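[1] Build me a model from this:
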Amino acid sequence: MMMWKEVPMEMGNGTTVQEFTLEGFPAIQHLRKVLFLVHLLAYLASIAGNAVIVTITCADSRLHTPMYFFLSIFSFFECCFTSTVIPKLLVIFLSGRQTISFLACFIQAFVFVFLGAAGFLLIAVMSLDRYVAICKPLHYPTIMNLKTCFLLVTACFALAFPFITGLVVKVFQLSFCGPRIIPHFFCDLAPLIHLSCSDTSSTEMLAFVLALVILLTSLIITIIAYSNIVVTIIRLPSAKEKKKAFSTCSSHLIVLSLMYGSCVFIYVKPKQTNRLDSNREAALVNTVVTPLLNPVIYTLRNKQVHQALRETMYRMKISR
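    As a prediction, the model looks like this:
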């Protein structure tokens, strides 16, 4: 592990830290090259899979529906989300350079938490879309029009931004004058709060409350939507219709389980200084596994997307 520099420069309210050291995975440092290759392949596969979803959705007019609009936005989110963390992790594995500047660390933490919060709100919106499509099929084209879809996506950003900005600014204003090793592979708010030499009790409580509100709001909306969906599906007369509806919803629920499980484990704790080491494994699920599985579980197993992909590739082959 690289040693941090002693820097006397004052950067804020009692802060003398100019850079942090990302500890990464100290127990398996000898496998850095292998880990670099594994994470690089996972990252490229994730970006490629999600990029295909966005491209196909834009290119094929048959996929210009609210469901695929939200899926394409979600895939774009995933590309941005994983790109916030994995490139820096790859640099650590490849070069061993584990330091990150004070400002860059907070920028990474803000983008990561902001995209995560907006992503959970988007998940709730996608649940509502499936609820209207299955439970109110006759009113679906009227309710979920293009304007409504754009407004809902904009609302996800607009709601997440002020809450996350306020939290990150509060953490930024803490004093950092002691330990500089972050026991994580990226800058997250919990380990940053843990490193502060200020009184962090109010900041920890604010982080806990915001995490609880965002996750629970999204989860409650999703549970209510899917409870109604399940009841409606059970009442469908045709077995084929039931299978088709359950197939669409099961993909969504698998992704939900991965996202909610890892994030509840990491963030919904009143005392953020507890179990920081175990957060790394849960964060890997959120930043590597879920974005990688999303294209496979969520969309690429969909027959309509398969057909659109085959036809697009065929057209590209003919044009040559």
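
[2] What segments of the chain are helices?
    Here the chain has its helices, by DSSP state H, at 32-59, 66-95, 102-135, 140-143, 146-172, 189-195, 201-234, 239-267, 276-284, 290-294, 303-319.

[3] Which strands or helices does the first one pack on?
    In this case it means helix 32-59. helix 66-95, helix 290-294, helix 303-319 (3 or more Cβ pairs under 8 Å, 6 or more residues apart in numbering; DSSP states H and E). For glycine as for every other residue, the C-beta is placed from the backbone atoms N, C-alpha and C.

[4] what comes up buried for the last one?
    So the one you mean is helix 303-319. 305, 308-309 (16 or more other Cβ atoms under 10 Å).

[5] tally of neighbours for Arg179?
    Just to correct that, residue 179 is Pro rather than Arg. Using other Cβ atoms under 10 Å, Pro179 is surrounded by 15 other residues.

[6] right, I mislabeled it, should have said Lys88
    Lys88: 20 neighbours (other Cβ under 10 Å).

[7] Same question for Gly116.
    By the measure other Cβ under 10 Å, the count of residues near Gly116 is 24.

[8] I'd say it and Thr82 touch.
    No: the criterion here is Cβ atoms under 8 Å, and Gly116 misses it with Thr82 at 11.2 Å.

[9] Return the closest of the buried residues of helix 303-319 with respect to Ala190.
    Taking Cβ to Cβ as the measure, Ala190 lies nearest Val305 of these, at 36.8 Å.

[10] And the closest one, how close does it get to Leu71?
    Distance, Val305 to Leu71, by Cβ to Cβ, to the nearest Å: 9 Å.

[11] And for Val111?
    Val111 is 22 Å from Leu71, by Cβ to Cβ.

[12] out of these two, which sits in the busier spot?
    Taking other Cβ under 10 Å, Val111 and Leu71 do not tie; Leu71 has more neighbours (26 against 18).

[13] quick revisit: please convert the helices and strands packed on helix 32-59 to CSV, extending it with distance to Val38 and mean pLDDT.
    Putting the helices and strands packed on helix 32-59 into CSV (distance: least, Cβ to Cβ, whole Å; pLDDT from 0 to 100) gives the following:
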stretch, distance to Val38, mean pLDDT
helix 66-95, 9, 90
helix 290-294, 11, 80
helix 303-319, 26, 70
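
[14] Nearest to Ile214, out of those?
    Per Cβ to Cβ, nearest to Ile214 of the helices and strands packed on helix 32-59: helix 66-95, 14.7 Å.

[15] what packs against the closest one?
    helix 32-59, helix 102-135, helix 146-172, helix 290-294.

[16] Those helices: lowest mean pLDDT?
    Note on the helices and strands packed on helix 66-95: helix 290-294 shows the lowest mean pLDDT, a mean of 80.

[17] Let's see that one as CSV, backbone CA atoms only.
    Extracted in CSV, the C-alpha atoms of helix 290-294 (Å, rounded to 0.1, in the frame of the first residue of the first chain):
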residue,chain,number,x,y,z
THR,A,290,-25.8,-5.4,-10.6
PRO,A,291,-24.8,-3.3,-13.6
LEU,A,292,-23.3,-6.4,-15.3
LEU,A,293,-26.4,-8.5,-14.7
ASN,A,294,-29.0,-5.8,-15.6
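
[18] Use 7 as the first number from now on
    Okay, residue one is now 7; in that scheme the one you just asked about reads as helix 296-300.

[19] Identify the residues contacting it?
    48, 51-52, 55-56, 80-81, 84-85, 87-88, 260-261, 264-265, 268 (Cβ atoms under 8 Å, 6 or more residues apart in numbering).

[20] and the gap between Val138 and Ser224?
    For Val138, the distance to Ser224 - Cβ to Cβ - is 17 Å.

[21] who's more crowded, those two?
    The residue with more neighbours, out of Val138 and Ser224, is Ser224; 24 against 20, by other Cβ under 10 Å.

[22] Does the more buried one touch Val131 like I think?
    No: Ser224 is beyond contact range of Val131, at 9.1 Å (criterion: Cβ under 8 Å).

[23] hang on, the earlier thing: mind putting the buried residues of helix 309-325 in TSV, distance to Ile92 included?
    Formatted as TSV, those follow (distance: Cβ to Cβ, whole Å):
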residue	distance to Ile92
Val311	25
Ala314	28
Leu315	25
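
[24] what's the burial count for His36?
    Neighbour tally, His36, other Cβ under 10 Å: 8.
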